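**Q** just to be clear, the model below is a prediction. Sequence and coordinates:
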Amino acid sequence: MARAPRSEHDEGYPSWNELSGSDTGSASRRDFGGLFATVSTLRLALMIMAVSAVVTLYVGHVYATADLLGEVDTLRRENLELHLERNQVKAAYDRASSPSRITARARALGLVEAVPSGSPIRLRP
């Protein structure tokens, strides 16, 4: 390949024709496409749009799942607090209604514990 004479502004750089390697012909241009060389432009555009839609749906799903997980954690915490409060109220009620407490209050009101009269009733099996 013969080199073209250089102008005074070239400063020793190769020309575009030298860099392009045009002597190989159009066969190398057909091989340039690689994986997508046989796919039409419309089909490639549709594939790119489909892949981007799937990625967008996946990212949306991840964010929705994270929000839902935060809400579930909040509800679990609230459920635990309600269980603890119920246990405290039940313990206070059990203390207030225990037999020893009821007996002491009944005595304070002047009530007397009655002795059972008669013998106990026994049932035959």
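**A** Cool, got the structure.
**Q** Provide a list of residues in contact with residue 55.
**A** Counting by CB atoms under 8 Å, 6 or more residues apart in numbering, residue 55 touches no other residue. All C-beta spots, glycine's among them, are computed from the backbone N, C-alpha and C.
**Q** now it: how far from residue 44?
**A** Residue 55 is 16 Å from residue 44, where distance means CB to CB, to the nearest Å.
**Q** what's the answer for residue 70, then?
**A** For residue 70 relative to residue 44 (CB to CB), the value is 40 Å.
**Q** please apply the same query to residue 82.
**A** Distance from residue 82 to residue 44, counting by CB to CB: 57 Å.
**Q** again, but for residue 122
**A** 95 Å.
**Q** more crowded one of those two?
**A** residue 44 (11 against 5; other CB atoms under 10 Å).
**Q** can I get the CA coordinates of stretch 96-107 in PDB?
**A** The C-alpha trace of stretch 96-107 is given here as PDB (Å, rounded to 0.1, in the frame of the first residue of the first chain):
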ATOM      1  CA  ALA A  96     -56.800  -8.400  92.200                       C
ATOM      2  CA  SER A  97     -59.100 -11.500  91.900                       C
ATOM      3  CA  SER A  98     -56.900 -14.100  93.700                       C
ATOM      4  CA  PRO A  99     -58.700 -16.200  96.300                       C
ATOM      5  CA  SER A 100     -56.600 -14.800  99.200                       C
ATOM      6  CA  ARG A 101     -57.400 -11.200  98.200                       C
ATOM      7  CA  ILE A 102     -61.200 -12.000  97.900                       C
ATOM      8  CA  THR A 103     -61.200 -13.800 101.300                       C
ATOM      9  CA  ALA A 104     -59.400 -10.800 102.900                       C
ATOM     10  CA  ARG A 105     -61.900  -8.300 101.500                       C
ATOM     11  CA  ALA A 106     -64.800 -10.500 102.500                       C
ATOM     12  CA  ARG A 107     -63.500 -10.600 106.100                       C
END
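**Q** what does that stretch rub up against?
**A** 95, 113.
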